[in-house]
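1. sequence first, predicted coordinates after that:
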Number of protein chains: 2
Amino acid sequence: MRMSEGVEWALHSCINLAWLEPGEAMPAAKLAGFFSLPAAYLNKQLQALARAGILTSTSGPRGGFRLARASEDITMLDVVTAIEGAEQAFRCEEILRRIPGDHEGVDYRKTCAISQSMWRAEMAWRRELAGQTIADLKRTVEKREPATPGNVRNRFANLRT
Amino acid sequence: MRMSEGVEWALHSCINLAWLEPGEAMPAAKLAGFFSLPAAYLNKQLQALARAGILTSTSGPRGGFRLARASEDITMLDVVTAIEGAEQAFRCEEILRRIPGDHEGVDYRKTCAISQSMWRAEMAWRRELAGQTIADLKRTVEKREPATPGNVRNRFANLRT
């Protein structure tokens, strides 16, 4: 079971966008240039974030992507879900239904002890990700490396795309 | 991100094996017959469980698979790891390394705030699965449906493979 690398790119992109000046937007090509990532594939992730209402994009010479809301209001779970989808990693195929017997009206995805335990574990994972925002990540980085926001802005300013 | 359906099959197989009489073993074909699953593919999962030390297999006319240790000592995490591997679902590709600068001696899988938070979430998921054993699952089912162990043994006894 492996998460797509798009999740890592999307989270880093969100933090970088959180360090922009208010109102400033960043074209996909510049965000890709920042980490030397393939622009078309990063753009796909950014579009997914926009569809999920995490980013907005504007066109024109000063256009690009920016956060659609305050970084306090974007959780890591929002970002992961935007890229990976909301479906459970463990998807109960209700194999109990394959045993001869009366299965009328039973939803084993809800009643099977295995399915319930797997779901409980996944909820613990989601809770953890829902408890961390882009603002929290940003603060953690700033505390350890106070020069980072300035460095990021400089690097964006000097990037030729 | 999706877990293989082999996890569901493996967990159900372990519970069924826990309901056998002590010392009794079950051939892969019978375990597959129980849920009308494709025998070759289920056998692959059972072999993985055996490699992980969760099942043992014996050959001969009364041979087959059985639990390698008490169901109290087999956690859901043991089974999930045997099928899905021990690797993290989020695998940090260290994209911070792609920024020009000095990365000598830095392991971003350990120091990057994103990587740390993703790992924390995954640890919450693992902790939950490590806290539930096959014996726990078995007890939950027996409490709700006391007839199940007997039914399972009867169904195995009547299965022609």
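-> Alright, I've got the coordinates.

2. buried stuff in the least confident helix or strand in chain A by mean pLDDT?
-> In chain A, no helix or strand scores lower on mean pLDDT, DSSP states H and E than helix A:108-111, which sits at a mean of 84. Buried residues in helix A:108-111, defined by neighbour count with 16 or more other Cβ atoms under 10 Å in any protein chain shown: A:Tyr108. (Each C-beta comes from the backbone N, C-alpha and C, glycine too.)

3. distance from that helix to the middle of the chain?
-> 29 Å (Cα atoms, centre = their mean, to the nearest Å).

4. and for stretch A:46-57?
-> For stretch A:46-57, the distance to the chain centre is 10 Å (Cα atoms, centre = their mean).

5. again, but for stretch A:37-47
-> That offset, for stretch A:37-47, works out to 13 Å (Cα atoms, centre = their mean).

6. returning to that earlier point: can you name the element that comes right after the least confident helix or strand of chain A?
-> helix A:113-130 (DSSP states H and E).

7. so what does that following helix touch, helix or strand wise?
-> helix A:76-84, helix A:108-111, helix B:6-18, helix B:76-84, helix B:113-130, helix B:134-144 (3 or more Cβ pairs under 8 Å, 6 or more residues apart in numbering or on different chains; DSSP states H and E).

8. worst average pLDDT in the ones you listed?
-> With a mean of 84, helix A:108-111 has the lowest mean pLDDT of those.

9. what residues does that one touch?
-> A:92, A:94-97, A:115-116 (Cβ atoms under 8 Å, 6 or more residues apart in numbering or on different chains).

10. what do you get for stretch A:138-155?
-> With Cβ under 8 Å, 6+ apart, stretch A:138-155 has contacts from A:15-16, A:18-21, A:34, A:71, B:99, B:113.

11. got the end-to-end distance for it?
-> For stretch A:138-155, the first-to-last residue distance is 17 Å (Cα to Cα, to the nearest Å).

12. how about that stretch: buried residues?
-> A:138, A:140-141, A:148-149, A:152, A:155.

13. ok so, going back, pull out the buried residues from the contacts of helix A:108-111.
-> The buried subset of the contacts of helix A:108-111 - by 16+ other Cβ under 10 Å - is A:92, A:94-96, A:115-116.

14. returning to that earlier point: a markdown table please, covering the buried residues of stretch A:138-155 and showing distance to B:Gln132.
-> Supplementary listing: the buried residues of stretch A:138-155 in a markdown table, determined by distance: Cβ to Cβ, whole Å:
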| residue | distance to B:Gln132 |
| --- | --- |
| A:Lys138 | 36 |
| A:Thr140 | 32 |
| A:Val141 | 36 |
| A:Thr148 | 41 |
| A:Pro149 | 43 |
| A:Val152 | 43 |
| A:Arg155 | 47 |
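
15. residue closest to the middle of chain A?
-> When chain A is reduced to its mean C-alpha position, the closest residue under Cα atoms, centre = their mean turns out to be A:Val79, at 1.9 Å.

16. residues in contact with that one?
-> Contacts of A:Val79 by Cβ under 8 Å, 6+ apart are A:7, A:10-11, A:14, A:49, A:54, A:134.

17. of the residues you listed, closest to A:Ala28?
-> Of all the contacts of A:Val79, the one with the least separation from A:Ala28 (Cβ to Cβ) is A:Leu49, at 10.8 Å.
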